[in-house]
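[1] take a look and give me a structure for this.
(chains A and B)
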Amino acid sequence: MSFAVKEDRDQAVRTRLAAFGEAITAIEREGDILCVHVRKAELHDVLRTLRDELGFHFLTTCCGMHFPRGTAGNHQHRVDEFGLVYHVHDMRAGHRLRVKCRTTANDLEFATATDLWPAANWMERETWDFFGITFKGHPDLRRILNMEDFPAFPLRKEYPLEDPTRQDKKNEFFGR
Amino acid sequence: MSDQSGIQRTKPAFVAPPAGHSGSGFFATTAEKAIGLARANSLWPLPFATSCCGIEFMSTMSAHYDLSRFGMERLSFSPRQSDLLMVMGTIAKKMAPVLREVYLQMAEPKWVLSMGACACTGGIFDTYSVLQGIDRVIPVDVYIPGCPPRPEQVIDGILKIQELAKEEGLRRRYSQEYKDLLAQYAIDQRP
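    All right, here's what the predicted structure looks like:
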């Protein structure tokens, strides 16, 4: 499913966010959706502006990302290792927006978005669970999908997907 | 036999008696065999169905394959009242303590049937979040391979469990072998 591109709405976002100046590192179209790259320090202010002034009253999703080699997708330039993606939705206008924010491995604390959208609660718990990104001000930041005593953050790329204790895939069983 | 419609009709097979001595008006066997016979043909299964194997089990349980032919008319959803734990489906590591708790709540004698690739070995889910076979947390009596197994395979597994129930001694739970087995799983058995 794809949404019709809403040029006028996109332009309104660009115009309003221009006031943030340096804090907006890039605004580009990714497919049919406008993507805003935000500096980490101003992320919460930008999200608040999107909700209160630009009508994005619904948080569709929020998740972490990890690019250990420092390259991502079509980007030719270096990117910071960790990041956070928000998708927000203005249902009245049928308009969506993507917000990305990148950070390095030694600066993994973001301001929580639960004060803006209560729906961010579980999404941020999931992000903590799988990437180890913490959220300052989150009311109940603990693991949500993995076991409570899980020893790692499994969606970081250095963590192996396969269970190392599995016996039946050993080469000796296949004559290798 | 065939009636006028030409349909072959066979007499229903009754449960065969255990080995014993019979004569005019009496039949004698050991209590162990008689009780084993009763247990085997009145198992109360507890379906622990977490995914698609559970759907296959529903088909096995319903009219077409009719598991109640084997004395399994009633599914028990209380572990306190069941003899047979049927684990059907992927068990996530987060679910493992729940499964173990259910097993511990069952009264002796109890048997465990592991149905499908996921319950037996983790199946296609070779990943950090899935338990790689339920025999890592509880002892298993019969494994049914398949992804998912056909209802015929489930019935075959049930019949294997019935064989175990028939042959098992009444004092199984006091045997050293059984104690050692439970000790492997760090299960504390009360006398």
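
[2] the residue nearest to residue A:123 when sequence neighbours are not counted: what's it in contact with?
    Leaving aside its sequence neighbours, residue A:123 sits nearest to residue A:62 (Cβ to Cβ, 6 or more residues apart in numbering or on different chains; 4.1 Å). Quick note: C-beta positions are derived from backbone N, CA and C, even for glycine. By Cβ atoms under 8 Å, 6 or more residues apart in numbering or on different chains, the contact set of residue A:62 is A:84-87, A:113, A:120, A:123-124, A:127.

[3] just put those residues in CSV and tack on secondary structure, pLDDT and neighbour count.
    Formatted as CSV, the contacts of residue A:62 follow (DSSP: H, G, I helix; E, B strand; the rest coil; pLDDT from 0 to 100; neighbours: other Cβ atoms under 10 Å in any protein chain shown):
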residue, secondary structure, pLDDT, neighbour count
A:84, strand, 94, 24
A:85, strand, 94, 16
A:86, strand, 95, 26
A:87, strand, 95, 17
A:113, coil, 92, 27
A:120, helix, 93, 21
A:123, helix, 94, 21
A:124, helix, 94, 27
A:127, helix, 94, 26
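
[4] verify the contact between residue B:132 and residue A:164 for me.
    No: contact status for residue B:132 versus residue A:164: not in contact, 9.8 Å apart, counting by Cβ atoms under 8 Å.

[5] of those two, which one has the most company?
    residue B:132 (24 against 7; other Cβ atoms under 10 Å in any protein chain shown).

[6] from residue B:177, how far out is that one?
    25 Å (Cβ to Cβ, to the nearest Å).

[7] circling back to that earlier point, now, which of the contacts of residue A:62 sits nearest residue A:28?
    Distance to residue A:28 across the contacts of residue A:62 (Cβ to Cβ) is lowest for residue A:85, with 14.0 Å.

[8] against residue B:85, how distant is the closest one?
    43 Å.

[9] next: residue B:97.
    If you go by Cβ to Cβ, the gap between residue B:97 and residue B:85 works out to 15 Å.

[10] over to residue A:54?
    For residue A:54, the distance to residue B:85 - Cβ to Cβ - is 55 Å.

[11] tell me which of those two has more neighbours.
    The neighbour comparison of residue A:54 against residue B:85 (other Cβ under 10 Å) goes to residue B:85, with 24 against 19.

[12] picking that back up, out of the contacts of residue A:62, which comes closest to chain B?
    Checking these against chain B with Cβ to the nearest Cβ, the nearest one is residue A:127 at 16.3 Å.

[13] out of everything not next to it in sequence, what's closest to the closest one?
    residue A:64 (4.4 Å).

[14] which of the helices or strands spans that neighbour?
    Assessed by DSSP states H and E, residue A:64 sits inside strand A:58-66.

[15] mind checking what secondary structure the closest residue in space to residue B:169 that isn't next to it in sequence has?
    Nearest non-adjacent residue to residue B:169, counting by Cβ to Cβ, 6+ apart: residue B:32, 6.2 Å away. Under DSSP: H, G, I helix; E, B strand; the rest coil, the three-state class of residue B:32 is helix.

[16] can you give me the distance of residue B:32 to residue A:101?
    Taking Cβ to Cβ, one finds residue B:32 at 71 Å from residue A:101.

[17] so for these two, which sits in the more crowded spot?
    Neighbour count, other Cβ under 10 Å: between residue B:32 and residue A:101, residue A:101 has more, with 24 against 15.

[18] pretty sure the more buried one sits in a helix.
    No: counting by three-state DSSP, residue A:101 is not found in a helix; it is strand.

[19] so which residues on chain A come close to chain B?
    A:145-147, A:154, A:159-163, A:165-169 (Cβ under 8 Å from any Cβ of the partner chain).

[20] buried members of the residues you listed into ChimeraX, please.
    ChimeraX command restricting the residues of chain A next to chain B to the buried ones, with burial defined by 16 or more other Cβ atoms under 10 Å in any protein chain shown:
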select /A:146,147,154,163
